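A.B. asks: Fold the following.
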Amino acid sequence: QVQLVESGGGLVQAGGSLRLSCAASGRTFSSYGLGWFRQAPGKEREFVAGISRSLLSTYIDSVKGRFAISRDNAKKTMYLQMNSLKPEDTAVYYCAARDGWSISRAPVENDYWGQGTQVTVSS
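C.D. replies: Residues are numbered from 1 along each chain as shown. Take a look at the predicted model:
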């Protein structure tokens with residue numbers, strides 16, 4: 001079992017930056033694939049970025065070059081550095097964990113979720 005708690009969301013102007021954190025409980029943090037998802041009003045939850053147990057990272061095209069995912073297994077924490085934010089990045093951001101090598105881009109296939117943190121980007 002692992003519990004996930006996100007922090008770092010907020011209101012920022014377009015072009016600004018935010019850093020999201022996802023703190024985990026449990027003893028086997030390093031054995032999980034991790035990722036960030038987001039859900040905008042009226043839309044389905046979508047994959048944003050993932051980082052595997054071997055630190056291989058993947059991103060959706062719309063955030064490549066702007067977002068960076070990382071993990072610190074000693075601190076049991078995952079991060080999402082978001083730069084050059086756009087209004088279309090506005091959403092509730094969720095961290096997720098999957099008992100396996102990497103996160104799945106399909107939300108239903110992942111095992112654990114945080115409660116979400118709101119990110120609002122004003123134009």
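A.B. asks: Ramachandran angles for the residue nearest in space to the middle of the chain?
C.D. replies: Nearest to the mean C-alpha position of the chain, counting by Cα atoms, centre = their mean, stands Trp36 at 2.2 Å. Here is the backbone geometry of Trp36 (degrees, to the nearest 10): phi -120, psi 140.
A.B. asks: so how far is Ser123 from it?
C.D. replies: The gap separating Trp36 from Ser123 is 23 Å, by Cβ to Cβ, to the nearest Å. Backbone N, C-alpha and C define where each C-beta goes, glycine included.
A.B. asks: Next up, the contacts around the residue lying closest to Arg45 once chain neighbours are set aside.
C.D. replies: Leaving out its chain neighbours, the residue that sits closest to Arg45 by Cβ to Cβ, 6 or more residues apart in numbering is Gln39, at 4.2 Å. Going by Cβ atoms under 8 Å, 6 or more residues apart in numbering, Gln39 touches 45-46, 91-92, 94, 116.
A.B. asks: which residues does Gln39 form a beta bridge with?
C.D. replies: With DSSP bridges as the criterion, Gln39 is bridged to Val92.
A.B. asks: Now do it against Tyr79, distance only.
C.D. replies: Distance from Gln39 to Tyr79, by Cβ to Cβ: 20 Å.
A.B. asks: I figured the residue nearest to the centre of the chain was touching Met82, is that so?
C.D. replies: No - counting by Cβ atoms under 8 Å, Trp36 stays clear of Met82, with 9.4 Å between them.
A.B. asks: intersection of neighbour lists for the two?
C.D. replies: By Cβ under 8 Å, 6+ apart, the residues touching both Trp36 and Met82 are Leu20.
A.B. asks: Could you double-check that Tyr112 sits in contact with Tyr94?
C.D. replies: No - Tyr112 is beyond contact range of Tyr94, at 10.4 Å (criterion: Cβ under 8 Å).
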